[in-house]
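Q: This is a predicted model, with the sequence first.
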Amino acid sequence: QVQLVESGGGLVQPGGSLRLSCTVSGIAFSINNLGWHRQAPGKQRDLVATISSGGRVNYADSVRGRFFISRDNAKNTVYLQMNNLQPEDTAVYYCTVGGWTNGGDWTPSGSWGQGTQVTVSS
């Protein structure tokens with residue numbers, strides 16, 4: 001079964017940066033598509049970024065130009081570099097495995113890690 005372990009969260013001031021990591025086991029990492037989601041208190045879990053097995057990336061409008069997703073297949077790890085963080089980025093961040101429907105909608109596999117808390121505050 002797939003296991004996902006997120007790390008790298010913390011408390012950062014507005015304008016700061018963090019890099020999240022997610023190590024994945026139990027699957028053939030290199031042939032899978034990966035995504036980062038986030039969930040703020042009282043809100044639904046939203047998609048932040050995806051990266052395909054071939055390296056194609058997509059971002060939510062709210063983070064495009066500030067966040068960057070990447071993957072290291074040798075380490076079975078997906079990263080999320082977050083720059084110019086703002087208070088509205090405060091959330092628990094999760095990674096997952098998934099794919100796209102014929103209509104292009106991202107669909108998570110349903111397996112989630114424990115998440116990593118990101119708090120942006122002065």
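A: Received, thanks.

Q: List the residues that contact Ala40.
A: Residues near Ala40 by C-beta atoms under 8 Å, 6 or more residues apart in numbering: Thr90, Ala91, Val92. Quick note: C-beta positions are derived from backbone N, CA and C, even for glycine.

Q: and with 10 Å instead?
A: Asp46, Glu88, Asp89, Thr90, Ala91, Val92, Val118 (C-beta atoms under 10 Å, 6 or more residues apart in numbering).

Q: which strand in this protein runs the most residues?
A: Identified as the longest strand of the chain according to DSSP state E is strand 91-100.

Q: Neighbouring strands of that one in the sheet, and parallel or not?
A: Sheet pairing of strand 91-100 (DSSP bridges) gives strand 33-39 (antiparallel), strand 106-108 (antiparallel), strand 116-120 (antiparallel).

Q: can you give me the mean pLDDT across the last one?
A: Going back to what we said before, that points to strand 116-120. Strand 116-120 comes out with an average pLDDT of 98.

Q: quick one: it to chain centroid distance?
A: From the chain centre to the centre of strand 116-120 is a distance of 12 Å (C-alpha atoms, centre = their mean, to the nearest Å).

Q: Mind listing what's buried along that strand?
A: Thr116, Val118, Val120 (16 or more other C-beta atoms under 10 Å).

Q: got the contacts of Ala40 as JSON lines, with distance to Ser53 columns?
A: Converted to JSON lines, these look like this (distance: C-beta to C-beta, whole Å):
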{"residue": "Asp46", "distance to Ser53": "23"}
{"residue": "Glu88", "distance to Ser53": "31"}
{"residue": "Asp89", "distance to Ser53": "27"}
{"residue": "Thr90", "distance to Ser53": "31"}
{"residue": "Ala91", "distance to Ser53": "26"}
{"residue": "Val92", "distance to Ser53": "26"}
{"residue": "Val118", "distance to Ser53": "26"}
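
Q: Report the buried residues of the helix or strand bottoming out on mean pLDDT in the chain.
A: Least confident helix or strand, the chain: strand 106-108 with a mean of 93, by mean pLDDT, DSSP states H and E. If you call a residue buried by 16+ other C-beta under 10 Å, then strand 106-108 has these buried ones: Trp106, Pro108.
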